[in-house]
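Colleague: Whatever this is, show me its structure:
(one chain, ligands or ions: 1)
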Amino acid sequence: MYIGRFAPSPTGALHLGSLLTALASWCDARAAQGKWLLRIEDIDTPRIQQGAVEHILHSLEHYGLYWDDEVSYQSQRTCYYQQALDILQHKQLIFWCTCSRSQLAQTGSAIYTGQCRTQQQFKANAAARLAVPQPNCLIQFNDGVFGAQYEDISQTVGDFPLYRRDSIFTYQLAVVVDDALQGITHIVRGADLLDNTARQIYLQRCLDYQTPFYSHIPLIVTSKGEKLSKQTGAKALDFTNPSATLWQLLVLLGQNPPKPLQYEAKEDILTWAINHWDLSNIPATLKLITDN
Ligand SMILES: [Zn+2]
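Modeller: Presented below is the predicted three-dimensional model:
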């Protein structure tokens with residue numbers, strides 16, 4: 001059975017780019033008669049914005065993108081991340097890094113150079129890093145939009161952190177554990193995460209998890225090339241005409257919705273989208289331009 005998910009982080013209001021990803025992920029799950037779960041990635045507590053969760057849930061409902069089961073919150077699942085870290089510790093796949101930011105900067109290397117690898121016993125005030133085999137660790141996967149992908153993570157990221165010195169589990173660990181424990185089979189998400197996929201696949205292998213099928217959705221940028229993101233203060237969604245917005249997003253996703261459809265009710269647009277959904281029509285470009 002297909003199980004998909006949408007996993008926003010509540011660091012601001014949902015913007016057009018995240019709605020595009022939500023719509024693609026929702027259509028892909030519904031077209032496969034699968035489940036679509038909603039997970040709030042609120043583990044990076046310093047960046048969480050008050051009211052953002054409510055805004056995200058309300059926005060999805062406003063556009064008719066209803067989810068299955070209860071919403072899950074990463075902040076309530078830290079025991080699972082700890083269990084995964086314990087397994088990796090037991091397998092001697094992690095080490096405890098005591099390097100400070102300035103020490104790391106001094107190495108002059110973009111990737112971690114392995115100086116703490118011998119510290120395999122737990123240390124307080126240390127980050128846990130996954131030891132990535134050197135000198136090569138080539139990961140291959142087939143993306144639903146971007147096709148065959150290859151990345152040697154020993155050369156691009158090196159030993160990456162799973163637990164931070166400020167006692168926060170990293171996104172990489174949390175997302176891999178959640179996807180596995182929730183039985184996610186298909187991941188449709190923003191192309192900004194395409195270069196995170198290889199290291200997540202490597203981590204899945206270390207934990208004996210299955211690898212889901214990945215599809216990455218192009219990001220929306222303005223005609224000036226600016227990314228629409230919470231950080232750059234992208235305009236909040238215009239709620240006045242959900243039908244027009246959904247229709248416009250289907251155009252961006254290469255689904256060729258007929259023109260008159262934009263004047264129909266949002267439920268009818270979504271039904272059309274499920275019935276005509278074709279992942280292979282999504283343009284394999286990292287950026288889509290819009291001025292709306
Ligand atoms: Zn270190």
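Colleague: Would you mind naming what in the chain lies close to the ion?
Modeller: Within the chain, the positions near the ion by C-beta under 5 Å from the ion are 97, 99, 116. Quick note: C-beta positions are derived from backbone N, CA and C, even for glycine.
Colleague: Could you pull out the helices in the stretch 51-200 of the chain for me?
Modeller: 52-62, 78-90, 101-106, 153-156, 171-181, 197-206 (DSSP state H, counting those that start in this stretch).
Colleague: which stretch among the ones you listed comes nearest residue 7?
Modeller: Nearest of those to residue 7, taken as C-beta to C-beta: helix 171-181 at 7.1 Å.
Colleague: For this structure, identify the residue most remote from the centre.
Modeller: Distance from the C-alpha centroid of the chain, by C-alpha atoms, centre = their mean, peaks at residue 260 (33.4 Å).
Colleague: re the thing from before, between the residues of the chain next to the ion, which is closest to residue 195?
Modeller: residue 97 (21.8 Å).
Colleague: Any idea how many residues pack against the closest one?
Modeller: 23 (other C-beta atoms under 10 Å).
Colleague: just to revisit the earlier point, as TSV, the residues of the chain next to the ion with distance to residue 83 and pLDDT would be great.
Modeller: Formatted as TSV, these follow (distance: C-beta to C-beta, whole Å; pLDDT from 0 to 100):
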residue	distance to residue 83	pLDDT
97	21	96
99	26	93
116	23	95
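Colleague: residues touching the residue farthest from the centre of the chain, list them.
Modeller: Neighbouring residues of residue 260 by C-beta atoms under 8 Å, 6 or more residues apart in numbering: there are none.
Colleague: Could you look up the SS state of it?
Modeller: Under DSSP: H, G, I helix; E, B strand; the rest coil, residue 260 falls in the helix class.
Colleague: Roughly how far does it sit from residue 290?
Modeller: Residue 260 sits 21 Å away from residue 290, going by C-beta to C-beta, to the nearest Å.
Colleague: Let me see the backbone angles for the residue in the stretch 151-292 of the chain positioned nearest to the ion.
Modeller: Evaluated by C-beta to the ion, the stretch 151-292 of the chain has residue 159 as its residue closest to the ion, separated by 8.3 Å. When read as degrees, to the nearest 10, the backbone of residue 159 gives phi -70, psi 110.
Colleague: Spatially nearest residue to residue 142, not counting backbone neighbours?
Modeller: Among residues not flanking residue 142 along the chain, residue 148 sits closest, at 5.6 Å (C-beta to C-beta, 6 or more residues apart in numbering).
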